[in-house]
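Engineer: quick one: sequence plus predicted model below, questions after.
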Amino acid sequence: MEYKYWFAAEFHVSAAKKYKIIQAGYQPEEIYHLKEKERILFCAYFDIPLENLINAIKVSDMGDKLREMEKKQIAFVTISDPGYPEKLKHIQNPPYGLFYKGQLPKNSVAVGIVGARK
């Protein structure tokens, strides 16, 4: 789960690129552990600034962040998990991960509110 969190929250590329990466068969843990030359080729292939990947890999407190989310009752699901909303999988460039409180809708009409409150 830590690598999925990392890919969703710390690897700063668009939802469209994340979707292409996953569709190409890459897994977050595999990306995280790429060797230097592999990182360069990976970033070139997906047109991602190498600095984005390097900076994301520097994040070392993934476990701490997941525990903090758990304390705050924030759940997390990725597009490859069974709990991901089926309808959302079929939009153009679906988000790789969803952070939420409460329950996700089960194939019913739903409304989403996006934003942040202080």
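Structural biologist: The structure has been received and is ready for your questions. Residues are numbered from 1 along each chain as shown.
Engineer: state the mean pLDDT of stretch 39-59.
Structural biologist: Mean pLDDT, stretch 39-59: 94.
Engineer: and it, what's buried?
Structural biologist: 39, 42, 43, 46, 48, 53, 56, 57 (16 or more other C-beta atoms under 10 Å). Just so you know, the C-beta spots here come from the backbone N, C-alpha and C atoms, and that holds for glycine as well.
Engineer: the last one reaches residue 35, doesn't it?
Structural biologist: Read that as residue 57. No - using C-beta atoms under 8 Å, residue 57 makes no contact with residue 35, being 11.5 Å away.
Engineer: any common contacting residues for the two?
Structural biologist: Common contacts of residue 57 and residue 35 (C-beta atoms under 8 Å, 6 or more residues apart in numbering): none found.
Engineer: mind listing what's buried in the helix or strand hosting residue 3?
Structural biologist: Assigned by DSSP states H and E, residue 3 falls within helix 2-5. By neighbour count with 16+ other C-beta under 10 Å, helix 2-5 contains the buried residues 3, 4, 5.
Engineer: and the pLDDT at the second one?
Structural biologist: So that's residue 4. For residue 4, pLDDT reads 91.
Engineer: for residue 89, see how far away it is.
Structural biologist: Distance of residue 4 to residue 89, given as C-beta to C-beta, to the nearest Å: 16 Å.
Engineer: which stretches of this protein form helices?
Structural biologist: Using DSSP state H, the helices found in the chain span residues 2-5, 15-23, 28-32, 36-46, 50-57, 62-71, 86-89.
Engineer: quick one, what contacts the residue nearest to residue 17 when sequence neighbours are not counted?
Structural biologist: Nearest non-adjacent residue to residue 17, counting by C-beta to C-beta, 6 or more residues apart in numbering: residue 46, 5.9 Å away. Residue 46 makes contacts with 13, 17, 20, 21, as judged by C-beta under 8 Å, 6+ apart.
Engineer: again, but for residue 4
Structural biologist: 28, 76, 78, 80, 97 are the contacts of residue 4 under C-beta under 8 Å, 6+ apart.
Engineer: would you turn the residues you listed into TSV with neighbour count?
Structural biologist: Output for the contacts of residue 4, formatted as TSV (neighbours: other C-beta atoms under 10 Å):
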residue	neighbour count
28	24
76	18
78	19
80	13
97	19
